[in-house]
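> Predicted model, plus sequence, below.
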Amino acid sequence: MIVFIVNPISGKGKARKMWPVLEHHLQQKNVSYQWYFTERPGHGIELAQQAALDQAEIVVAVGGDGTVHEVANGISGFDTILGYIPLGSGNDYARAQSIPWNPIAALERILAQRTTLRDTADFIGTEKNEGRMVNTAGIGFDGSVTKWVNQFPLKKWLGKLSYVVGVLRVLGRFRPTAVTIHVDGKEHHFQKTWLIAVANIPYYGGGMKICPDASDQDGLLDICVVDGISKGMLLFMFPRVFLGNHIQHPAVHIFQARQVRIEAKHDLMVQIDGESKGKTPIEFTVNPSSLRAG
Ligand SMILES: Nc1ncnc2c1ncn2[C@@H]1O[C@H](COP(=O)(O)OP(=O)(O)OP(=O)(O)O)[C@@H](O)[C@H]1O
């Protein structure tokens, strides 16, 4: 049995519009399936967990990276395969896994049932803030931008453009702070940190190659720290993130580790897989080959 979990608001309603087309394809191919629309944030976790308990072979996230995050958390601890049809606005998971952007082609790939094992990371913060990261986390500047954008009433109309507005709004008031980063137990101190990314895959934010060498098949997390840089230089450097050559800048520090803990002098906001997830301190531990991706 294949279970589809469709987020009707993903990609400004793209997933909702595309679902009848996907269903038509499934019916033509005589595939046995069930489907659900998510009704609220977090619902995807509950639906995916129930599907795994009901012994679904594959649970397919239909939407964006937030939907993948929820489904991956719901099936955590089960042998269930995670499928993905990218109909969000960022779709970084699809980018990293080379999943076709055409929804029917993505569906065909799932039906072919060629699976690979992928790393995820377990995260644990404060106040029951814990779970499983599939893509990438951002702590600091982009954590604040994500929080701002998720509360921005125009997000459902502006889509990705909301992030540009968010970057400009947060840039005005964000203050870099001192952080301590424990990389596999070794302490590194930074004085004026803008952001720390912890990555399973190279991308976040819809194609920004924040950790260009990250791989979810190497048993390691890649960590990128941006520290000691002026606001102007940060803006100037920003476009280089899309090519991944920002890592050559002296303000950018890269590490690889199995475990990383981040503490900040002044609390920094955290986003994980594009979802706001509390604030520092936070710790990540890689969980190698823990996800069956189809
Ligand atoms: N019915 C719903 N109403 C409101 N929010 C929902 C509903 N169902 C799911 N959500 C939430 O929608 C959010 C965004 O989903 P998702 O990330 O899949 O789409 P996106 O933001 O368009 O794509 P991307 O993350 O790839 O840019 C998630 O945080 C999820 O919890």
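Received, thanks.
> only C-alpha atoms for contact and neighbour calcs from this point on.
Fine.
> For residue 123, which non-adjacent residue is spatially closest?
Distances taken as CA to CA, 6 or more residues apart in numbering place residue 284 nearest to residue 123, at 4.4 Å, with adjacent residues excluded.
> Who is the one you found paired with across the strands?
Beta-bridge partners for residue 284, by DSSP bridges, are residue 123, residue 260.
> do you know how far it is from residue 7?
With distances taken as CA to CA, to the nearest Å, residue 284 is found 27 Å from residue 7.
> got it, and residue 49?
Relative to residue 7, and taking CA to CA, residue 49 is found at 16 Å.
> got it, and residue 167?
Here the criterion is CA to CA. By it, residue 167 lies 26 Å from residue 7.
> With neighbour numbers in mind, choose between these two.
In this comparison of residue 167 against residue 7, neighbours counted by other CA atoms under 10 Å, the higher total goes to residue 7 at 29 against 19.
> Is it correct that that one is in contact with residue 15?
Yes: using CA atoms under 8 Å, residue 7 is in contact with residue 15, at 6.4 Å.
> Name the residues contacting each of those two.
Between them, residue 7 and residue 15 share the neighbouring residues 62-63, with contact defined by CA atoms under 8 Å, 6 or more residues apart in numbering.
> centre of the chain versus the helix or strand where residue 287 lies, how much separation?
Following DSSP states H and E, one finds residue 287 within strand 282-293. Relative to the centre of its chain, strand 282-293 is centred 13 Å away, using CA atoms, centre = their mean, to the nearest Å.
> packing partners for that strand?
In terms of contacts (3 or more CA pairs under 8 Å, 6 or more residues apart in numbering; DSSP states H and E), strand 282-293 is packed against strand 81-86, strand 116-124, strand 259-264.
> and those strands as TSV, adding distance to residue 216?
As requested, those are arranged in TSV below (distance: least, CA to CA, whole Å):
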stretch	distance to residue 216
strand 81-86	15
strand 116-124	5
strand 259-264	14
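> Just name the most buried of the ones you listed.
Highest mean neighbour count among the helices and strands packed on strand 282-293 (mean count of other CA atoms under 10 Å): strand 81-86, with a mean of 27.
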